[in-house]
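Q: Any chance you could fold what I've pasted below:
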Amino acid sequence: MSDSTPDSVSATFYTEGKAKFQVGNAFYRSASQVVRDLGVLAAAIYKSDRGILRVIDAMTGCGVRTLRYWLESGADWIWANDSNPEIRPVLENNLKDAIASGQCQITHTDANRIFFDCYNRRDYYDLVDVDCFGSAAPYLHTALWATKIGGLLYLTSTDGRTATGHQPENSLSIYGAYTRCHPASQEQVLRLLIGSAQQAAASIKLGIEPIFSLFTGQTYRVMLRLLAKPCLTPENYGFLGYCHQCGDYQVVSWRKLGKTCCQRDGSLLILSGPMWLGQLHHREQLRRMQSLAQRLEWSKRLELLATMEAETDFPPYFYTLTEIGRRGKLDLPKRSHLIQALQERGYRATITHINAQAIKTNADLMACISIARTL
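A: Prediction:
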C-alpha cells in the first residue's frame, strides 16, 4: 500500500506511491490519496488498452498527481498546469525528471484557456483531470473540447452543500438542476455531476459513460469516458422523488412530471433533478482496477473497489440505518444482519461506499423496517 507520510530523511519531502515530492507553498491534501490512487489505476488500464496516455493535469497543485500519472500509469506526456505562478519553483523541482525526459511541461494559466487551445489545435488528450475547488460546472463544457473520443475525464466537486439541497437556488444556477435535502443526498451530488456532464456532452452530439463515482467524505469525484454518440435518455436522466411522509424514493421520468405523488400514500413528492439515474460505475472496469490493485498489493483500495462494484446496478438512492430506526421506532440493526435478512427474503442488498451507515437495496423502506423488526 502506498503511503503519504513525511520521508524519514527529511521532513520537507513526502512519498506517495512512487512519487517523492515537496509541498512548499503549493496545495497538497494527503487525505485525497484515494482519489489519486483510483485515477492512477484507471489511467494505467487505459494505457494498457490504447498504448498511449497523454494527460492534462489542469489544476496540479504541488504536482504529486502529475508525478504519479507519469511514474505509475506510464503517461507518455503530461501538461501540468496551475493558475498560481508562485508555486512554479516547487513544481519545477518536483517534476524535474519528467521535464528532463521531454514528457512534461508546466504552465500557469486558467484551465479553460488550455482546453480551448487544445480544441483550436485539434490536440486532444487521453485523460483530462480537473481537480477544482467548489463546483466543476465552469469546466464541464470546456474540458470536453480537450478530451479525445474514448478518452477519460476526471471531474471534482467540493461544493457538497449546494448539490445536497441546502442551497437549491445555487444548484439551479450552477447545474441547471434543482436539488432538495433527503437522507441519500450524498449520492445525489455524484449523480448531479454525472448528469451535468452528460447534458453538456449531448449538447455537442457526444456521450458520457461513468467509469466510477467516488465520495471520500469531503470530495466528490467521477471518472467518465467520452463517447462518440449521445447516450442521454429519459430513462437515465431524470428526477428523484422523495416522500417526507413515508421516507421512500421514486424515480420520476420527464413524462410523469405532472404525476408526482407517492405510490404508497399519495403524498406529494419533493423532486431533485434532473440528474443521472443510470449506473454509478462500470463493473468490468472496476474488476480490472481490482486486478491491478491486487498486483500492487493495495489492500485498502481492493476493499473499496469491491464495494463499488457491488453497488453498481442498484436504484439511485440508499437507506440509512438511522432513517430505518427512526421511522420504525426501533433500535438500529447491524448493517450486515439487515443485508443478510433482506437477501434471505429474496431482495437484493449491499453496503455502499458513500455512507458507512447505509444500505442499497431494491426493497422499499417499509420492507426494510418490517425485516429489521425481526432481527
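
Q: longest strand anywhere in the protein?
A: Using DSSP state E to define each element, the chain has its longest strand at strand 147-157.

Q: mind listing what's buried in that strand?
A: Buried residues in strand 147-157, counted by 16 or more other C-beta atoms under 10 Å: 147-148, 151-157. No exception for glycine: its C-beta is placed from N, CA and C like everyone else's.

Q: Residue 274 contacts residue 177, correct?
A: Yes - under the criterion of C-beta atoms under 8 Å, residue 274 is in contact with residue 177, at a separation of 5.5 Å.

Q: Looking at those two, which one has more neighbours?
A: A side-by-side neighbour count of residue 274 and residue 177, using other C-beta atoms under 10 Å, places residue 274 first with 24 against 20.

Q: got the contact list for that one?
A: By C-beta atoms under 8 Å, 6 or more residues apart in numbering, the contact set of residue 274 is 177, 195, 199, 237-239, 254.

Q: let's see 6 Å
A: Under the criterion of C-beta atoms under 6 Å, 6 or more residues apart in numbering, the contact list for residue 274 reads 177, 195, 237-239.

Q: Just the buried residues from these, in ChimeraX please.
A: Taking 16+ other C-beta under 10 Å as the burial criterion, the selection of buried members of the contacts of residue 274 in ChimeraX is written as:
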select :177,195,237,238,239
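
Q: can you count the residues close to residue 235?
A: Here the neighbour count serves as a burial measure; for residue 235 (other C-beta under 10 Å) it reads 11.

Q: what's the answer for residue 294, then?
A: Using other C-beta under 10 Å, residue 294 has 13 other residues around it.

Q: What's the mean pLDDT across the helix or strand containing it?
A: Using DSSP states H and E, the element containing residue 294 is helix 283-295. Helix 283-295 shows a mean pLDDT of 98.

Q: one step back: need the max-distance pair from the buried residues of strand 147-157.
A: 148 and 157 (23.2 Å; C-beta to C-beta).

Q: Inside strands: which ones of the contacts of residue 274?
A: 237-239.

Q: for those residues, which one is nearest residue 267?
A: Lowest distance from residue 267 to those (C-beta to C-beta) belongs to residue 239, with 16.1 Å.

Q: For that closest one, give me its contacts.
A: 252, 271, 273-274.

Q: mind listing which of these are in strands?
A: Using DSSP E, those in strands are 252, 271, 273-274.

Q: What strand or helix carries residue 118?
A: When elements are assigned from DSSP H and E, residue 118 belongs to helix 111-120.

Q: Now do the helices in the stretch 151-300 of the chain.
A: For the stretch 151-300 of the chain, helices defined by DSSP state H, counting those that start in this stretch occupy the ranges 160-161, 168-175, 185-202, 283-295, 299-310.

Q: residue ranges of the helices in the stretch 1-150 of the chain, please?
A: Counting by DSSP H, counting those that start in this stretch, the stretch 1-150 of the chain forms helices over residues 33-50, 64-71, 88-94, 96-100, 111-120, 137-146, given from the N-terminal end onward.

Q: and for the helix holding residue 294, what are the contacting residues?
A: Counting by C-beta under 6 Å, 6+ apart, helix 283-295 makes contact with 41, 45, 211, 301-302, 305, 308-309, 312, all of which sit outside it.

Q: Now render the residues you listed as JSON lines, adding neighbour count, distance to residue 33 and pLDDT.
A: Formatted as JSON lines, the entries for the contacts of helix 283-295 read as follows, by neighbours: other C-beta atoms under 10 Å; distance: C-beta to C-beta, whole Å; pLDDT from 0 to 100:
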{"residue": "41", "neighbour count": "26", "distance to residue 33": "12", "pLDDT": "98"}
{"residue": "45", "neighbour count": "18", "distance to residue 33": "19", "pLDDT": "98"}
{"residue": "211", "neighbour count": "23", "distance to residue 33": "19", "pLDDT": "98"}
{"residue": "301", "neighbour count": "23", "distance to residue 33": "10", "pLDDT": "97"}
{"residue": "302", "neighbour count": "18", "distance to residue 33": "15", "pLDDT": "97"}
{"residue": "305", "neighbour count": "27", "distance to residue 33": "15", "pLDDT": "98"}
{"residue": "308", "neighbour count": "22", "distance to residue 33": "17", "pLDDT": "98"}
{"residue": "309", "neighbour count": "20", "distance to residue 33": "21", "pLDDT": "98"}
{"residue": "312", "neighbour count": "18", "distance to residue 33": "23", "pLDDT": "97"}
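
Q: CSV for those residues, including distance to residue 173?
A: Formatted as CSV, the entries for the contacts of helix 283-295 read as follows, by distance: C-beta to C-beta, whole Å:
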residue, distance to residue 173
41, 35
45, 37
211, 28
301, 36
302, 40
305, 35
308, 31
309, 35
312, 32
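
Q: returning to what we had before: how about the helix holding residue 294: buried residues?
A: Of the residues in helix 283-295, those buried under the neighbour-count criterion (16+ other C-beta under 10 Å) are 285-286, 288-290, 292-293.
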